[in-house]
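Engineer: This is a predicted model, with the sequence first.
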Amino acid sequence: MDFLSHLSPLYFFLAAAGTLIGIIFGAIPGMTATMAVAVCLPLTYYFGLHEGLALLLGLYVGGISGGLVPAVMLNIPGTPSSLTTTFDGYPMAQKGESERALKICIISSLFGGVFSTLVLFFFAPVLADVAIKFSYVEKFLIIFFALTVIASLCKNMLLGIFSGLLGVLLSLVGTYDISSGGNGEYRLMFDFMEPYLDMGFSLLPVLIGLFGVSAIIAAAAKHSEEAVQNDIKLTKTSPFRLSVFKGQSINLFRSSSIGTFVGMLPGIGGSAASILSYTQQKNVSKQPSEMGKGSPEGLIASESANNGLTGGALIPLLSLGIPGDATTAVLIGAFTLQGLQVGPLFIGENLDTWYSMMVALLFANAVMFLLMFFAIKYIVKVVLVPKYVLFPLIMMMCVVGAYAINYGIMFDVWTLLIFGVFGYIATRIGLEIAPLVIGFILGTSAEVYFVKSLESHGNFLVFFTNSYIAMFLWVLIGLSIAFSIYVSKKNKLISA
């Protein structure tokens, strides 16, 4: 119970403040939970590990939840995971039931968030105990499987694979470390780049650039923004009552479970979780024709699933060292700043941090509920904040944060700007940012495991014959690719 000593007033204040800021980011169309975490990541350098993680987890929970506000009020998903919330939330708002719709979403979000946190608490240590027994071969195949899952569930599998491999390639820029089986020489760069890229691109400026600066550039590139009415207000021709959840317990548990499970699959994201749970509810609904016209059960399915993502995405991060989504990929930066490495040994060696993270998640969900349920009439006004005021402030935070992360290295600012522009161009030409980022984070580890496997056994057959676990992972990799091919062919037939 030593972790209780870390639960200071500052710890709870930062968790609450992070949740509030996350809600604001999520509620403003075009801004996401990932962007909120990326922009605020440098702040954790000035706090201790527990306080910094409390802030970031609050941002994560608040950012995912805040997306429901514009989804209901404006028919604009505040975050990708709130896409299906628009299907029934906006029709309810048009009927004069906006307050009722918002409160249904808020309670469903609370249930999904708490459910996924409990699954994380009980399941992640078990998975970590299994992963500790993995050899270099199994560790490499786990990363390979993660990259195939990401690629197979992208809109275009080939572009997804290319994006992931491009991320791996970028991670290898720099000195080929002798401890990794290398020769200590520079690689994948021109001679004039050697003074700047001796250790490769710094992780944190890359993350902030891809998720912060690129989003600002994308918003600035639009010739006009969607018109927003200045008289946004709540309507409640039909008052909210808890009886709306009567008969929806199966929907809540099923949708939260789907969100948690999808969160465990690397790089898929909340939009897939909410769409899958919404579709499943429509298939079993007694009134499927009502879904999409203002049905509460559609809101319950959508919001419990996308908040279920929060705990689910942390499971592979903390037990295997593989980010579950783009936001947890950014969270790796917080551990890096504190000198910690996530993976199979993390929970066992950092029990205090593990327990304080669980408390932060539960507390952030409680704060999210209290803020949004009882102050929703003020929060809906957030969508009116002009971006020409907001974005310069965010850009300043990005630049200052990138410069300060490594004690004032100017090249980190250039890295921030380079990857900001690159991220914007990549999305314009169809590249997938999630597999690229996860490839960048896992690339060096994949190289080490690959080289060490060959050094230990001397031939490529070891990747197929090392153990039953390796054979099972190859089966999963094959199923992942086969599923992608099946979906691709099915989509072509539908479009034809």
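Structural biologist: All right, it came through fine.
Engineer: Mind jotting down where the strands sit in the chain?
Structural biologist: 174-175, 186-187 (DSSP state E).
Engineer: Surely residue 121 touches residue 358?
Structural biologist: Yes. Contact criterion C-beta atoms under 8 Å: residue 121 and residue 358 qualify, at 5.4 Å. Glycine gets a C-beta too; all of them are placed from N, C-alpha and C.
Engineer: Now for these two: what residues contact both?
Structural biologist: Common contacts of residue 121 and residue 358 (C-beta atoms under 8 Å, 6 or more residues apart in numbering): none found.
Engineer: hmm, back to that, among the strands of the chain, which is the most enclosed?
Structural biologist: strand 174-175 (a mean of 18; mean count of other C-beta atoms under 10 Å).
Engineer: For residue 249, the count of nearby residues, please.
Structural biologist: When neighbours are counted by other C-beta atoms under 10 Å, residue 249 registers 10.
Engineer: Repeat that for residue 429.
Structural biologist: 7.
Engineer: how close does it sit to residue 212?
Structural biologist: 20 Å (C-beta to C-beta, to the nearest Å).
Engineer: Leaving out chain neighbours, which residue sits closest to residue 257?
Structural biologist: Nearest residue to residue 257, sequence neighbours excluded (C-beta to C-beta, 6 or more residues apart in numbering): residue 308, at 7.1 Å.
Engineer: Would you agree that neighbour is in contact with residue 253?
Structural biologist: No. Counting by C-beta under 8 Å, residue 253 is not a contact partner of residue 308; they are 10.0 Å apart.
Engineer: hey, what's in contact with both of the two?
Structural biologist: What both residue 308 and residue 253 touch, as defined by C-beta under 8 Å, 6+ apart, is the set residue 115.
Engineer: Those two - which one has more neighbours?
Structural biologist: Neighbour count, other C-beta under 10 Å: between residue 308 and residue 253, residue 308 has more, with 37 against 15.
Engineer: quick one, what contacts the more buried one?
Structural biologist: With C-beta under 8 Å, 6+ apart, residue 308 has these contacts: 112-113, 115-116, 255-260, 263, 273.
Engineer: Backbone dihedrals for residue 8, please?
Structural biologist: Torsion angles at residue 8 (phi, psi; degrees, to the nearest 10) stand at phi -90, psi 170.
Engineer: so it touches residue 54, yeah?
Structural biologist: No. Proximity of residue 8 to residue 54 does not meet the contact threshold set by C-beta under 8 Å, at 9.7 Å.
Engineer: Show me which of those two is the more surrounded one.
Structural biologist: More crowded of residue 8 and residue 54, by other C-beta under 10 Å: residue 54, with 33 against 13.
Engineer: Show me the shaky parts of the stretch 151-300 of the chain.
Structural biologist: Filtered on pLDDT under 70, the stretch 151-300 of the chain yields the residue ranges 151-153, 179-183, 222-238, 266-272.
Engineer: For it, which segments count as helices?
Structural biologist: 157-171, 203-208, 214-221, 249-264, 270-284, 296-320 (DSSP state H, counting those that start in this stretch).
Engineer: by contact count, what packs against the shortest one?
Structural biologist: If contacts are counted by 3 or more C-beta pairs under 8 Å, 6 or more residues apart in numbering; DSSP states H and E, helix 203-208 sits against helix 33-40, helix 326-337, helix 387-405, helix 410-429, helix 433-457.
Engineer: could you dump these to a markdown table with distance to residue 104 and mean pLDDT?
Structural biologist: Formatted as a markdown table, the helices and strands packed on helix 203-208 follow (distance: least, C-beta to C-beta, whole Å; pLDDT from 0 to 100):
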| stretch | distance to residue 104 | mean pLDDT |
| --- | --- | --- |
| helix 33-40 | 21 | 84 |
| helix 326-337 | 24 | 81 |
| helix 387-405 | 29 | 79 |
| helix 410-429 | 33 | 91 |
| helix 433-457 | 29 | 83 |
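Engineer: export those helices to a markdown table and tack on distance to residue 172?
Structural biologist: A markdown table is the format used below for these (distance: least, C-beta to C-beta, whole Å):
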| stretch | distance to residue 172 |
| --- | --- |
| helix 33-40 | 23 |
| helix 326-337 | 18 |
| helix 387-405 | 21 |
| helix 410-429 | 16 |
| helix 433-457 | 6 |
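Engineer: Which one, of those helices, ends up nearest to residue 292?
Structural biologist: Counting by C-beta to C-beta, residue 292 lies closest to helix 33-40 out of these; the figure is 25.6 Å.
Engineer: Check which helices and strands the closest one is in contact with.
Structural biologist: helix 9-27, helix 49-66, helix 203-208, helix 326-337, helix 387-405.
Engineer: Highest mean neighbour count out of those helices?
Structural biologist: helix 49-66 (a mean of 30).
Engineer: if I pick the residue nearest to residue 311 when sequence neighbours are not counted, what's in contact with it?
Structural biologist: Distance criterion C-beta to C-beta, 6+ apart; nearest residue to residue 311, sequence neighbours excluded, is residue 116 at 2.9 Å. By C-beta under 8 Å, 6+ apart, the contact set of residue 116 is 256, 259-260, 263, 307-312.
Engineer: just curious, which of these is nearest to residue 185?
Structural biologist: Nearest to residue 185 among the contacts of residue 116, with distances taken as C-beta to C-beta, is residue 263, at 40.1 Å.
Engineer: so residue 385 makes contact with residue 28?
Structural biologist: Yes. Assessed by C-beta under 8 Å, residue 385 is found in contact with residue 28 at 6.1 Å.
Engineer: about what we covered before: turn the contacts of residue 116 into JSON lines, including distance to residue 485.
Structural biologist: Output for the contacts of residue 116, formatted as JSON lines (distance: C-beta to C-beta, whole Å):
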{"residue": "256", "distance to residue 485": "30"}
{"residue": "259", "distance to residue 485": "26"}
{"residue": "260", "distance to residue 485": "27"}
{"residue": "263", "distance to residue 485": "24"}
{"residue": "307", "distance to residue 485": "32"}
{"residue": "308", "distance to residue 485": "28"}
{"residue": "309", "distance to residue 485": "26"}
{"residue": "310", "distance to residue 485": "31"}
{"residue": "311", "distance to residue 485": "31"}
{"residue": "312", "distance to residue 485": "26"}
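Engineer: wait, what's in contact with residue 254?
Structural biologist: With C-beta under 8 Å, 6+ apart, residue 254 has these contacts: 277, 280-281.
Engineer: Can you show me the CA trace of stretch 100-120 as CSV?
Structural biologist: Provided in CSV are the C-alpha atoms of stretch 100-120 (Å, rounded to 0.1, in the frame of the first residue of the first chain):
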residue,chain,number,x,y,z
ARG,A,100,-31.5,13.9,-22.5
ALA,A,101,-29.1,12.7,-25.3
LEU,A,102,-26.0,14.2,-23.7
LYS,A,103,-26.8,12.7,-20.2
ILE,A,104,-27.4,9.3,-21.7
CYS,A,105,-24.0,9.5,-23.4
ILE,A,106,-22.3,10.7,-20.2
ILE,A,107,-23.6,7.8,-18.1
SER,A,108,-22.7,5.3,-20.8
SER,A,109,-19.2,6.8,-21.1
LEU,A,110,-18.8,6.4,-17.3
PHE,A,111,-19.8,2.8,-17.4
GLY,A,112,-17.5,2.0,-20.4
GLY,A,113,-14.5,3.7,-18.7
VAL,A,114,-14.9,2.0,-15.4
PHE,A,115,-15.5,-1.4,-17.0
SER,A,116,-12.4,-1.2,-19.1
THR,A,117,-10.3,0.0,-16.1
LEU,A,118,-11.4,-3.1,-14.1
VAL,A,119,-10.5,-5.4,-17.1
LEU,A,120,-7.1,-3.7,-17.3
